[in-house]
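Asks: just to be clear, the model below is a prediction. Sequence and coordinates:
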Amino acid sequence: MAKNKTRYICQECGYVSASYLGRCPNCGAWNSFIEETTTPTQAAAQPRVTTTGSKIQPQKLTDVTIEKENRIKTQLGELNRVLGGGVVPGSLILIGGDPGIGKSTLLLQVSGQLAQTGGKVLYVSGEESASQIKMRAGRLTVADSGMYLYPETDMPSIQAAIDDLQPDYVVIDSVQTMNVPDMNSAVGSVSQIREVTAELMRIAKANQITIFIVGHVTKDGSIAGPKTLEHMVDTVLYFEGDMHHTYRILRSVKNRFGSTNEIGIFEMHQNGLEEVANPSEIFLEERLAGATGSAVVVSMEGTRPILVEIQALISPTMYGNAKRTSSGLDHNRVSLIMAVLEKRANLMLQNQDAYLKATGGVKLDEPAIDLAMAVAIASSYRDQEILPTDAFVGEIGLTGEVRRVNRIEDRIKEAAKLGFKRIFVPKNNLNGFNPPDKIEVIGVTSVGEALHKVFN
């Protein structure tokens, strides 16, 4: 008879150690190891089968047939955009976000809408009772949708319910509460999460069932559990937003059936989430006339251009070391742009505190926001106003050059559609491009030239 083996697994990254360690040597987390007891078993290898019951055999790439993906549209256009055009049957979708941000609300609302259109939906909850879910469903006006509720955490029972009901969609809320009884590890451990996700993936692919999984997040915002969890699923969505505001951002960071880094904007109301068709107007509606340190950038989020206001506040430091603070922007990028402005544009910023933010709760991380950041910093430092009808796009190099960016046509058209009169872009982007008549396109080659043209 095989002996039981004891091992210690890091709950942050899944690193396995034969003995307990105070700090994980792989990810550096403290006190993250828990003890797990395993029984070695030797199981016969089972060949994979298709949905028709036949064994999978090796075949030439030229003999593989491509079937068109039949996507199912939901009533939320923003969700369809993030998923790449709709829900793909047989896909495994993971949604993570902070507690109370609206993950369960979004999935319950979508489940009700899918059930109303004729789909059979099974909502499995390991955190709430059926009466609690029905109360929320009544508030979301989907209580009469005909969906099935199943408050259960035992995976064999859930699998049996799926086999009996044969649903088209399954929602698991959440994967950290599900458990496989054959495993000795605790609920929510790395081994349990990996095993539960592997079983759900097998169910989804074998029966062509779309499965939505809710995942908890750690204090740094990443999905809790092993990183292999994100590798196993087809799509990873992050639900972001400020708890003190009503706007929520659904961001795609992995999608095997569509574009990554796509975002959808929602607004939280009493009766659920409502999609925001034109987020640029919301991000810009509260701009103050005549304010300094404010510049508008046309950022690309996936395939969608979005206009966001970047604000900068530059003030003399009261201490020896200048302070750099950013919200929604990369801190290292802010320091880099300020260093370029000091060296290439003759702005004395080493004794100035800098506070920068992207308004609306959105996070910007693409290189094309550099020029707007630089102009906002210079505006606040010089206390000179930027024309409210100006927009900026461009990446700044360490030598002060303004480098070309992608999809410049879509950015210019979006700025013109929202009433902007001028847009500053890299000069190299204008080769062979005919700008629209509604907006003046100004090409710049360096950050010094851009500041000179902006502030005359």
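Replies: Okay, I see it.
Asks: pull the longest strand from this structure.
Replies: strand 304-316 (DSSP state E).
Asks: quick one: strands adjacent to that one?
Replies: Take DSSP bridges as the rule and strand 304-316 pairs in its sheet with strand 294-301 (antiparallel), strand 352-358 (antiparallel).
Asks: buried residues in that strand?
Replies: Within strand 304-316, the residues scored as buried using 16 or more other Cβ atoms under 10 Å are 304-314. C-beta coordinates here come from the backbone N, C-alpha and C atoms, glycine included.
Asks: okay, now His331: neighbour count?
Replies: His331 has 12 neighbouring residues, counting by other Cβ atoms under 10 Å.
Asks: ok, Ser125 next?
Replies: 22.
Asks: then Ile72?
Replies: By the criterion of other Cβ under 10 Å, Ile72 has 17 neighbours.
Asks: excluding its backbone neighbours, what's nearest it?
Replies: Val87 (4.5 Å; Cβ to Cβ, 6 or more residues apart in numbering).
Asks: let me see the contact set for the one you found.
Replies: 71-74, 93, 114, 169, 210 (Cβ atoms under 8 Å, 6 or more residues apart in numbering).
Asks: of these, closest to Leu336?
Replies: Checking the contacts of Val87 against Leu336 with Cβ to Cβ, the nearest one is Ile93 at 36.0 Å.
Asks: low-confidence stretches in the chain?
Replies: 1-3, 38-56, 219-221, 224-227, 243-244 (pLDDT under 70).
Asks: domains of it?
Replies: Following the TED database, one gets these domains for the chain: 5-38, 71-277, 282-455.
Asks: so how far is Ala137 from the residue nearest to Ile72?
Replies: The spacing between Val87 and Ala137, counted by Cβ to Cβ, to the nearest Å, is 20 Å.
Asks: mind checking the longest helix of the protein?
Replies: What stands out as the longest helix in the chain, according to DSSP state H, is helix 190-207.
Asks: centre of the chain to that one, how far?
Replies: 22 Å (Cα atoms, centre = their mean, to the nearest Å).
Asks: how near is the residue nearest to Ile72 to Glu240?
Replies: 21 Å.
Asks: isn't Ile386 up against Ala295?
Replies: Yes. In this structure Ile386 lies within contact range of Ala295 using Cβ atoms under 8 Å: 5.7 Å.
Asks: could you tell me how many residues sit around Gly138?
Replies: Quick note: Gly138 (other Cβ under 10 Å) scores 12 neighbours.
Asks: begin at 58 from here
Replies: In the new numbering, first residue 58, that becomes Gly195.
Asks: contact partners for it?
Replies: No contacts exist for Gly195 under Cβ under 8 Å, 6+ apart.
Asks: immediately after the helix or strand where it lies, which helix or strand?
Replies: For Gly195, the host element (DSSP states H and E) is helix 187-196. For helix 187-196, the following helix or strand on the C-terminal side (DSSP H and E) is strand 205-207.
Asks: buried ones in that next one?
Replies: Applying 16+ other Cβ under 10 Å to strand 205-207 flags 206-207 as buried.
Asks: how many residues are close by Lys125?
Replies: 5.
Asks: could you report the separation of it from Lys177?
Replies: Distance from Lys125 to Lys177, by Cβ to Cβ: 23 Å.
Asks: tell me where the stretch 358-507 of the chain has helices.
Replies: Under the criterion DSSP state H, counting those that start in this stretch, the stretch 358-507 of the chain contains helices at 388-401, 427-439, 465-474, 504-511.
Asks: sorry, slip of the keys, the one I care about is the stretch 58-207 of the chain.
Replies: Counting by DSSP H, counting those that start in this stretch, the stretch 58-207 of the chain has helices at residues 134-140, 160-173, 187-196.
Asks: distance from the chain centre to the last one, please.
Replies: Spelled out, that is helix 187-196. 27 Å.
Asks: closest one to Gln114 among the domains of the chain?
Replies: domain 128-334 (16.8 Å).
Asks: returning to that earlier point: nearest to Gln116, out of the domains of the chain?
Replies: domain 128-334 (17.6 Å).
Asks: could you dump stretch 304-314 to PDB, C-alpha only?
Replies: As requested, the backbone C-alpha atoms of stretch 304-314 are provided in PDB (Å, rounded to 0.1, in the frame of the first residue of the first chain):
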ATOM      1  CA  TYR A 304     -18.800  53.200 -13.300                       C
ATOM      2  CA  ARG A 305     -17.300  49.800 -13.900                       C
ATOM      3  CA  ILE A 306     -14.800  48.600 -16.500                       C
ATOM      4  CA  LEU A 307     -14.700  45.100 -17.800                       C
ATOM      5  CA  ARG A 308     -11.300  44.400 -19.200                       C
ATOM      6  CA  SER A 309     -10.100  41.400 -21.300                       C
ATOM      7  CA  VAL A 310      -6.600  40.300 -20.600                       C
ATOM      8  CA  LYS A 311      -6.800  36.900 -22.400                       C
ATOM      9  CA  ASN A 312      -9.100  35.800 -25.100                       C
ATOM     10  CA  ARG A 313      -8.700  32.900 -27.500                       C
ATOM     11  CA  PHE A 314     -11.700  34.000 -29.500                       C
END
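Asks: what comes up buried for that stretch?
Replies: Quick answer for stretch 304-314 (16+ other Cβ under 10 Å): 304-309, 312, 314.
Asks: which of the residues you listed fall in helices?
Replies: Among the buried residues of stretch 304-314, no member lies in helices (by DSSP H).
Asks: in JSON lines, list those residues along with distance to Glu423.
Replies: Formatted as JSON lines, the buried residues of stretch 304-314 follow (distance: Cβ to Cβ, whole Å):
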{"residue": "Tyr304", "distance to Glu423": "20"}
{"residue": "Arg305", "distance to Glu423": "21"}
{"residue": "Ile306", "distance to Glu423": "15"}
{"residue": "Leu307", "distance to Glu423": "18"}
{"residue": "Arg308", "distance to Glu423": "13"}
{"residue": "Ser309", "distance to Glu423": "15"}
{"residue": "Asn312", "distance to Glu423": "18"}
{"residue": "Phe314", "distance to Glu423": "23"}
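Asks: which residues touch the closest residue in space to Leu133 that isn't next to it in sequence?
Replies: Spatially, and ignoring its direct neighbours in sequence, Leu133 is nearest to Glu332 (5.4 Å; Cβ to Cβ, 6+ apart). For Glu332, the contacting residues are 133-136, 321-324, by Cβ under 8 Å, 6+ apart.
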